[in-house]
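1. Provide a 3D model corresponding to the input given below.
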Amino acid sequence: MADPAQKRPASGELTGREKRRVKYNNARRMTNQQDRGYKQKHGHPKIDQIQSIQSSIANASYATNFLAFQCVPKTLRRRTASRNAKRLPRCLRHWGEKDIAKSPPVKRKPKQCKKRPKTRNLVEEYKRRQLDKKQWLETHIWHTKRMKMETLWGYRLAKHLHFKSQRPAYRSFSHLTVMHDSSYIGCLEWEGARQTIQSALHPLMDPGLPSLASARFANGQRIGYQFLYQCYPTVFFCPVMFLWCASDNQAGTARLWMWLHPSCFDQAHGLFLQMIQRDKLDIQLIDRRLDLVRFDFSGPQSTTLLQAILDPVDDQKSASSWHALASLRSTSTLPPGSVLAMNVKDPRLAFPQKIQWDQQGPVDKAEKDRLHDLCLSWPTDVAQSMLWDQQVCRQAFEDRPSEQVLIQRRQDNNGGPLDFTDNDVTVPIVLIQRGQTAVDSKQANSKELTEGWTLVMPRGWAMAFWKACSFAGARAAGLNEMRTLHFESGVSFYPFDHPGTEGWRQWREDYKTKADLVWQRRPPAKRANYTHLGRQAPFEAPFETLVPDSFWVVYTKRALLAYLDHSPLWSPKHTNTALVTVRIVMTSRGKPVQNAAIRLSSDPNPIIGYMTSAGFSMTESCGAGIGVCTLAGLVQLMQATNGPGLKKATAQYQVLIQNPSSSKHRPAQLSVHVV
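-> Alright, predicted model coming up:
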C-alpha cells in the first residue's frame, strides 16, 4: 500500500492548509534504510540512519515557519539576534546564519563618527562608563542585553523587557515566580547601644506602626517595616525595612540594618549624621551598599525555585528548617518577616538547576507536622548569620573561584555537575520572608503577589545566583513589571504613588518632559487638544492646584482616626494640606489612565484628587488604579453620600473619573488605602 505522505493529488483538489500539511509531512519523513550486507555491519552499520536523521531534522526545521532566533524563549532572547547570529546559542548559529543569508541586504548609512580604539582592559572600560553618575549593578551586563535600561536615582536600572510582557509577567507572579534585582536599595548599618539607637530613631518613625523597640523584632528573628520622616507627619522620606542582628547581646553593642530607597539615601544619611553630631551620640553609621546584594522573589512558586538553587551545608541548624519548607506552597502561611540565615554551596557547582515538577509527590505526615510547627512558631536560632561581618563578606568575595576553574573541573567530570568538596567555598546568605505591609486588596489571592522571599548575599555572587535562578525558570522583572505587580495587588509602589517625596518629584519632572516631547512629535490633527479640553497640566498630577505646595500624605489609620476624632494634634494648617491614598475600581465601562482626575459625583463635580497608577487590572477584571485625594475632599464625599464613615475598613464611595484626554466622566468606587 502506498504511503499517504507520498500521495500528491491534483492542486485543484487541495486547500492551502492541506498543501502545507503534505509539504511538511514529506519534509519530516524519514526514508527506510535497506540492508547493505554483512560487510557494513562491521564497519559503519548506522551511517545511513544517522545521515537520514540529520537530513530529516534539517528539513523539518526549515519546513516550519519559525526563524532561528524565535526558537529561543522570549525571556532569554538577546537584542538584534535576528541579524547577528553570534547572539544566538551555539546550537542555533548555523541555522541563524542561513536565515540571515536569505534575508535581503539592508542599506546602512556609513558612520560619521570616528571609530574608537578597542580597549584592552574591559574592567577599566566598564568603570569609565560609570563615571557620569550611572552606577551599575552586578547584573547590569545580563540586563542590558535583554532589557531597556534607564538612569534613575544614580543607577543604571532595567526598566522593562524588549517585548510586550505585561500579561506574561502577570501570569508569572500569579502562578510561577518573578525575580527582581533590588540591590539599588541601599543598606545602612547602625552600631551602638540598643537603647541609644532606639531613642535616636524614635522621633523619625511613624508612631502608628510597630517601633524598633518592639519585642517581635528585638531578637532579630523577624524583619520590620516603618515610615521614615524628617519631621512627623509632614516631611516624609520613604518606607524603610529594618533588621536587628540576632547574635548581638541585648544589653551590649547592637547592630541594625536599615534599607533605604536611593532617591533619599544621601539625604537621610546626612540627617542621621547631623543628629548624631548634634546630640553627641555614641553611634557609628556604616554604608553597606557596596557590600551586599539583594534579590526579590515574588509568586507562589518562589519557595520551590529557591529550594532547587539554595543547597545549605548539612551541619547547620537552619538547614533542617529550610528542607522542611520544601512542600510549602506559599510564603503567606509563614510568620510575617521571618528570617532564615544559611551558608549555602556555590550554585555554579550544580548549574543548571531544574525544578523537578514530576517528582513532587504526596507529602508524608511527618513532613506535614514539621511544616505546621514552622508556620505556627518560627525557630529562634536560625537567624544568626556571618553576613554581618564585613571581613567574612570580603573573604567570600576573594575566595570565589573563577569561571575558568569551574569549566576545567567540568571538563574533567565529563561535563556533569560538580560535587561539593572541602576546598569549595560556602556563601553566607540571609533569606527574608517578605510579608504584607499594606492594606489587603479585595481579592483573596492578591496578597500572594507582593509576598515572597528577599535574598541577601555578599557582593561578587550576584551573577552566580542570578543565572541559576534564570535557568531554573524565574522570570526577570524590571521596574515596570514590579510596578505592575504592586498595581495588581492594590498596593502603592514607592516613589510613583507617594506624592510629595523627593523621588516622586524627580520622576514626575522626567515623565512630564518625555510625555510632552512625544505629544509634540505627533501632528496636530492626530493628538489630543488639551487646550480645548481645558487641561492645564495633562502630563502630571497637579496636586498644587488642590492644596498648597507643602502638601503631605496620611499613610496610617491611626493618624486618620486622630483627625476624625478631632485630636488636638491636628492643626488647621495640617488639615488643609493633607492628602490620603485611595483605591479606585471602575463600576462600569472605562479604563482610567495615569493623572486622571477624581471628581465628586455631585454637581458641579469638583476635583478632589488624581490617579498616580491606573489601567486595566487583570486581578479585578476591570479598570482600576491607585490615587491620592485631599482629606477635605474625602470628608466632603463622606458627608454628601451619607454612607459609612471612614472608620469602617470596607467603606466605599461613588466618585467620577475623568481621563486627561477625554471629557467623559466614568463612575467608580473609592476606598481609603491606609496601613
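2. identify the bridge partners of the spatially most central residue of the chain.
-> Centrality entry for the chain: nearest residue to the mean C-alpha point is His180, 3.7 Å, by C-alpha atoms, centre = their mean. Beta-bridge pairing of His180 under DSSP bridges involves Asp296.
3. Asn659 versus that one, what's the distance?
-> 30 Å (C-beta to C-beta, to the nearest Å). Heads up, the C-betas are built off the backbone N, CA and C, glycines and all.
4. and Ser247, by the same measure?
-> Computed with C-beta to C-beta, the distance linking Ser247 and Asn659 is 55 Å.
5. out of these two, which sits in the busier spot?
-> Between Ser247 and Asn659, Asn659 has the larger neighbour count (other C-beta atoms under 10 Å), namely 23 against 14.
6. which ones are touching that one?
-> Counting by C-beta atoms under 8 Å, 6 or more residues apart in numbering, Asn659 makes contact with 592-593, 596.
7. let me know the closest of those residues to His498.
-> Distances from His498 to the contacts of Asn659, taken as C-beta to C-beta, are shortest for Ala596 (17.9 Å).
8. name the nearest residue to the closest one, sequence neighbours excluded.
-> Met611 (4.3 Å; C-beta to C-beta, 6 or more residues apart in numbering).
9. distance of that neighbour from Met586?
-> 11 Å.
10. okay, and the common contacts of the two?
-> 592, 657.
11. quick one: which of those two has more around it?
-> Taking neighbours as other C-beta under 10 Å, Met611 and Met586 compare with Met611 leading, 26 against 21.
12. give the buried residues for the host helix or strand of that one.
-> Using DSSP states H and E, Met611 sits in strand 607-617. Neighbour-count burial for strand 607-617, counted by 16 or more other C-beta atoms under 10 Å, picks out 607-615, 617.
13. buried residues, stretch 128-137. List them.
-> By neighbour count on 16+ other C-beta under 10 Å, the buried set for stretch 128-137 is 135-137.
14. whoops, stretch 583-598 was the one
-> Residues 583-586, 590-598 are the ones in stretch 583-598 that count as buried (16+ other C-beta under 10 Å).
15. stretch 617-636 now?
-> 617-620, 622-635.
16. also stretch 659-675?
-> Neighbour-count burial for stretch 659-675, counted by 16+ other C-beta under 10 Å, picks out 659-660, 665-666, 668, 670-675.
17. returning to what we had before: dump the buried residues of stretch 128-137 to a markdown table, plus distance to Leu579 and pLDDT.
-> Putting the buried residues of stretch 128-137 into a markdown table (distance: C-beta to C-beta, whole Å; pLDDT from 0 to 100) gives the following:
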| residue | distance to Leu579 | pLDDT |
| --- | --- | --- |
| Gln135 | 33 | 89 |
| Trp136 | 36 | 92 |
| Leu137 | 33 | 92 |
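18. hmm, back to that, filter the buried residues of stretch 617-636 down to just the ones in helices.
-> 631-635 (DSSP state H).
19. so which of the residues you listed comes closest to Leu328?
-> Distances from Leu328 to these, taken as C-beta to C-beta, are shortest for Leu634 (40.3 Å).
20. skipping adjacent residues, who's closest to that closest one in space?
-> That would be Val580: by C-beta to C-beta, 6+ apart, it lies 5.8 Å from Leu634.
21. what's the first helix or strand after the helix or strand the one you found falls within?
-> Taking DSSP H and E as the definition, Val580 sits inside strand 578-586. Using DSSP H and E, the helix or strand that follows strand 578-586 in sequence is strand 597-600.
22. for the stretch 1-150 of the chain, which segments count as strands?
-> Secondary structure of the stretch 1-150 of the chain (DSSP state E, counting those that start in this stretch): strands at 135-136, 147-152.
23. a markdown table for those strands, including distance to Ala213?
-> Shown next, in a markdown table, are the strands of the stretch 1-150 of the chain (distance: least, C-beta to C-beta, whole Å):
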| stretch | distance to Ala213 |
| --- | --- |
| strand 135-136 | 34 |
| strand 147-152 | 34 |
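24. so which of the ones you listed comes closest to Arg108?
-> Closest to Arg108 of those, according to C-beta to C-beta: strand 147-152, at 22.8 Å.
25. the helix or strand that comes right after that closest one: which residues count as buried?
-> As assigned by DSSP H and E, the chain's next helix or strand after strand 147-152 is strand 155-161. By 16+ other C-beta under 10 Å, the buried positions in strand 155-161 come out as 155-158, 160-161.
26. those residues: which two are farthest apart?
-> Pairwise over these, using C-beta to C-beta, the maximum falls at Tyr155 and Leu161, 18.3 Å.
27. please parse the chain into its domains.
-> Domain ranges of the chain: 4-102, 178-182+293-489, 186-291, 502-672, per automatic domain parsing.
28. columns mean pLDDT and distance to Arg108 on top of those, output as JSON lines?
-> Shown next, in JSON lines, are the domains of the chain (pLDDT from 0 to 100; distance: least, C-beta to C-beta, whole Å):
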{"stretch": "domain 4-102", "mean pLDDT": "69", "distance to Arg108": "11"}
{"stretch": "domain 178-182+293-489", "mean pLDDT": "83", "distance to Arg108": "30"}
{"stretch": "domain 186-291", "mean pLDDT": "89", "distance to Arg108": "39"}
{"stretch": "domain 502-672", "mean pLDDT": "86", "distance to Arg108": "24"}
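29. between the ones you listed, which one is nearest to Lys111?
-> Nearest to Lys111, of all these, is domain 4-102, at 16.2 Å by C-beta to C-beta.
30. ok, back up a step: for Pro262, see how far away the residue nearest to the centre of the chain is.
-> From His180 to Pro262 the distance is 15 Å (C-beta to C-beta).
31. and for Arg278, the neighbour number?
-> For Arg278, the count of nearby residues is 8 (other C-beta under 10 Å).
32. host element of it?
-> Judged by DSSP H and E, Arg278 forms part of helix 265-279.
33. list the helices and strands that helix packs on?
-> Helix 265-279 sits against strand 186-193, helix 194-201, strand 235-244, strand 283-287, with contacts defined as 3 or more C-beta pairs under 8 Å, 6 or more residues apart in numbering; DSSP states H and E.
34. could you dump those into TSV with mean neighbour count and distance to Thr421 added?
-> Putting the helices and strands packed on helix 265-279 into TSV (neighbours: other C-beta atoms under 10 Å; distance: least, C-beta to C-beta, whole Å) gives the following:
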stretch	mean neighbour count	distance to Thr421
strand 186-193	19	32
helix 194-201	18	41
strand 235-244	21	33
strand 283-287	14	34
